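Visitor: predicted coordinates and the sequence they were generated for:
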Amino acid sequence: MLSIILTLALVVLLAKPAGNYIARAFSYETTKLDAFFGPFEHAVYKLSGIKQTNQSFRQYASALLISNIFMIFIVYLVFRFQGSLPLNPSGIAGMDPTLAFNTAISFMTNTNLQHYSGESGLSYLSQMIGITFMMFVAPATAFAAAIALIRGLSGNPLGNFFVDLIRSITRVLLPIAFVTGLVFVFLGVPQTLDSSVTAKTVEGADQTIAMGPVASLLSIKEVGNNGGGFFGVNSAHPFENPNGISNLLQILLMLLIPTALPFTYGKMVGNAKQGRILFAAMAMIFVVFLGTALLSEYQGNPRLAEAGLEQASGSMEGKEVRFGAAQSALYAIVTTASETGAVNTMHDTLSPITGMLALSNMLLNTVFGGIGAGFMNIIMYAVIAVFLSGLMVGRTPEFLGKKIEGKEMKLIAVTLLIHPFLILGSTALALYTPLGSDGISNPGFHGLSQVLYEYTSSAANNGSGFEGLGDATPFWNISTGIVMFIGRYFGIIAMLAVGASLASKKLVPETIGTFRTDTSLFGTIFVGAVFIVGALTFFPVLVLGPVAEFLTL
């Protein structure tokens, strides 16, 4: 418990300084950062032909979408033909077309859902040119979009997508990933282009041990809220997560940018208190979820506990002894709250309540959320909270001095509906057809949870899974690929449109009747809106899955 409190304290201490730094990094005004990063960035602009001019909503959204689709196509080709390309010492064959389709979309949408085993599914070239490349560009895309939305809310132009994309990488992601990559090497994570090595076991048998450029992938995997592992078992592998210190660092990296963005928002819109309110509201939900998960994992299976078969240290099924029940539960809640998807335990073996909480993090997609996209969802719920408050008092709702009218609420309503439609509609389809239901390894309530988790993870761009599901089939590859693509880009573009619409509106003078959004009352209404909307949408399916499983233990 002490280690968990220390971890969360470090997260809180880093959040505000990181948020202020991000605000400076994306400022179009001249700052001290320009002297250091400017020469390299200008060389990239010149080489790429990028004009540093503000873009309209259509230009910004088009640049984002077209560039991402092009990169998906290029990386798809790398995966398909990796067997004929260099840096393939293990002789791994090219990917199946549907698997390459799924993997390219997965990593470009910051989901990192893996329907292959990391060390045996990709060559070193695919891991570096394909996976690590997208692990930088994918989070940078959402990061740029979130900053553009904040600019729009503050009444400024959205900016330039390509400038924001490059700054996301050069000023935030790359420096952090470079330094922490070296730290991971120091902690024992491999970083080599050598092929696998063979060792003698204590029984005298030969054991093949996979190696590769792991540390460089691991650092951006966590700070970019990517989550895809170099090895099939992700951060449960001792080469990808050797000890408690590496586990702590991974948790800090996963939460660093999501917890910083509320402070970035407060600084950029000129209302630091509002940023603190949003941070506090999300932190409250996070702590409640974490506390409940810890209690659940220590309780374990009630029937085994009554028989005296449960360990005092908590349920250890599917967990690494290096971390135990507490650090495993913490990691599970953090990775789903930050929309990272990395795992240090098998989520399929979590208790029903902990599994439900991990699901809830992704269903709500606002408990800090991933790098950029999660914060855009937070703003969406903040506007909904303002709208509901306006309805209750009978006046036009206002947010940051701008009237919230029909155009904005229609965009938000459609964005709000697309998330449950993708999850519940796809889950129903998979359960209806044998192509989907045949993949269920655990019939009954847990089987429903397996399918629900897979599509929730895809729509929320998380990437973790209940790994008991047999998802390495064309049906799952194609269906989750489509869900990941729509779930990623529909919400981002719609919220960019909301930001552009509010940017074009005139400020409304504040009056005695104006509902302030920088008070604890607003924070309470914000939390209420998140739970009311989430409960009304997803509570029935949670009752049929994890809740029913818990009640039948």
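Guide: Looks like it came in fine.
Visitor: low pLDDT regions in the protein?
Guide: Along the chain, the model assigns pLDDT under 70 to residues 300-314.
Visitor: could you pick out the longest helix of it?
Guide: helix 474-503 (DSSP state H).
Visitor: now the element after it, going C-ward?
Guide: Counting by DSSP states H and E, the next helix or strand C-terminal to helix 474-503 is helix 520-542.
Visitor: in terms of secondary structure, what does the longest helix of the chain contact?
Guide: Helix 474-503 sits against helix 57-80, helix 97-108, helix 133-153, helix 373-393, helix 406-432, helix 434-437, helix 445-459, with contacts defined as 3 or more CB pairs under 8 Å, 6 or more residues apart in numbering; DSSP states H and E. C-beta: built from backbone N, CA, C; applies to glycine.
Visitor: so what's K403 closest to, chain neighbours aside?
Guide: T396 (5.4 Å; CB to CB, 6 or more residues apart in numbering).
Visitor: now do the helix or strand harbouring L294: distance to the chain's middle.
Guide: Per DSSP H and E: L294 is located in helix 272-299. Centroid separation between helix 272-299 and its chain, computed with CA atoms, centre = their mean, to the nearest Å, is 17 Å.
Visitor: that helix vs helix 520-542, what angle?
Guide: Helix 272-299 runs at 40 degrees relative to helix 520-542, counting by axes from the mean of the first three to the mean of the last three CA atoms, to 10 degrees.
Visitor: and helix 272-299, what does it pack onto?
Guide: On a contact count with 3+ CB pairs under 8 Å, 6+ apart, helix 272-299 meets helix 2-25, helix 244-269, helix 324-337, helix 352-364, helix 373-393, helix 520-542.
Visitor: minimum distance to F231: which of those helices has it?
Guide: Counting by CB to CB, F231 lies closest to helix 244-269 out of these; the figure is 13.7 Å.
Visitor: quick one: buried residues of the closest one?
Guide: Residues of helix 244-269 classed as buried by neighbour count (16 or more other CB atoms under 10 Å): 246-269.
Visitor: cool, stretch 267-282 as well?
Guide: 267-269, 271-272, 274-279, 281-282.
Visitor: please report how far V189 lies from I92.
Guide: Taking CB to CB, to the nearest Å as the measure, V189 falls 21 Å from I92.
Visitor: alpha carbons only: can I get stretch 237-255 in CSV?
Guide: This file holds the C-alpha atoms of stretch 237-255, laid out as CSV (Å, rounded to 0.1, in the frame of the first residue of the first chain):
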residue,chain,number,x,y,z
HIS,A,237,7.7,-10.5,-19.4
PRO,A,238,10.9,-10.1,-17.3
PHE,A,239,12.8,-8.5,-20.2
GLU,A,240,10.1,-5.9,-20.7
ASN,A,241,9.5,-5.3,-17.0
PRO,A,242,12.4,-6.6,-14.9
ASN,A,243,11.6,-5.4,-11.4
GLY,A,244,9.6,-3.1,-9.2
ILE,A,245,11.5,0.0,-10.2
SER,A,246,10.8,-0.6,-13.9
ASN,A,247,7.1,-1.2,-13.0
LEU,A,248,7.0,2.1,-11.1
LEU,A,249,8.5,4.0,-14.0
GLN,A,250,6.1,2.5,-16.5
ILE,A,251,3.1,3.6,-14.4
LEU,A,252,4.5,7.1,-14.1
LEU,A,253,5.0,7.3,-17.8
MET,A,254,1.5,6.1,-18.6
LEU,A,255,-0.1,8.8,-16.4
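Visitor: give me the residues contacting that stretch.
Guide: Residues outside stretch 237-255 that contact it (CB atoms under 8 Å, 6 or more residues apart in numbering) are 3, 7, 10-11, 14, 176, 180, 183-184, 187-190, 210-211, 214, 218-219, 222-223, 225, 229-231, 234-235, 322-323, 327, 330-331, 334-335, 337-338, 340, 342, 344, 368.
Visitor: a markdown table please, covering the buried residues of stretch 267-282 and showing distance to A535.
Guide: Converted to a markdown table, the buried residues of stretch 267-282 look like this (distance: CB to CB, whole Å):
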| residue | distance to A535 |
| --- | --- |
| K267 | 33 |
| M268 | 32 |
| V269 | 30 |
| N271 | 29 |
| A272 | 31 |
| Q274 | 25 |
| G275 | 26 |
| R276 | 26 |
| I277 | 22 |
| L278 | 20 |
| F279 | 23 |
| A281 | 16 |
| M282 | 17 |
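Visitor: helix, strand or coil: sort out S464 for me.
Guide: Following DSSP: H, G, I helix; E, B strand; the rest coil, the label given to S464 is coil.
Visitor: so it sits against T336, correct?
Guide: Yes. The pair S464 and T336 passes the contact test of CB atoms under 8 Å, sitting 6.5 Å apart.
Visitor: please, which helix or strand holds the residue nearest the centre of the chain?
Guide: Nearest to the mean C-alpha position of the chain, by CA atoms, centre = their mean, lies E339 at 2.3 Å. Element membership for E339 (DSSP H and E) is empty, with no helix or strand holding it.
Visitor: for it, what are its contacts?
Guide: E339 touches 110, 225, 258, 362, 365, 369-371, 373-374, 460-462, counting by CB under 8 Å, 6+ apart.
Visitor: and the gap between it and F133?
Guide: Taken as CB to CB, the span from E339 to F133 is 20 Å.
Visitor: out of the helices and strands packed on helix 272-299, which comes closest to G49?
Guide: With CB to CB, the closest approach to G49 among the helices and strands packed on helix 272-299 belongs to helix 2-25: 23.1 Å.
Visitor: run a quick neighbour tally on the closest residue to L261 other than its chain neighbours.
Guide: Leaving aside its chain neighbours, L261 sits nearest to F375 (4.4 Å; criterion: CB to CB, 6+ apart). Residues lying near F375 (other CB atoms under 10 Å) number 30.
Visitor: do I have it right that S437 meets T427?
Guide: No. The pair S437 and T427 does not pass the contact test of CB under 8 Å, sitting 10.9 Å apart.
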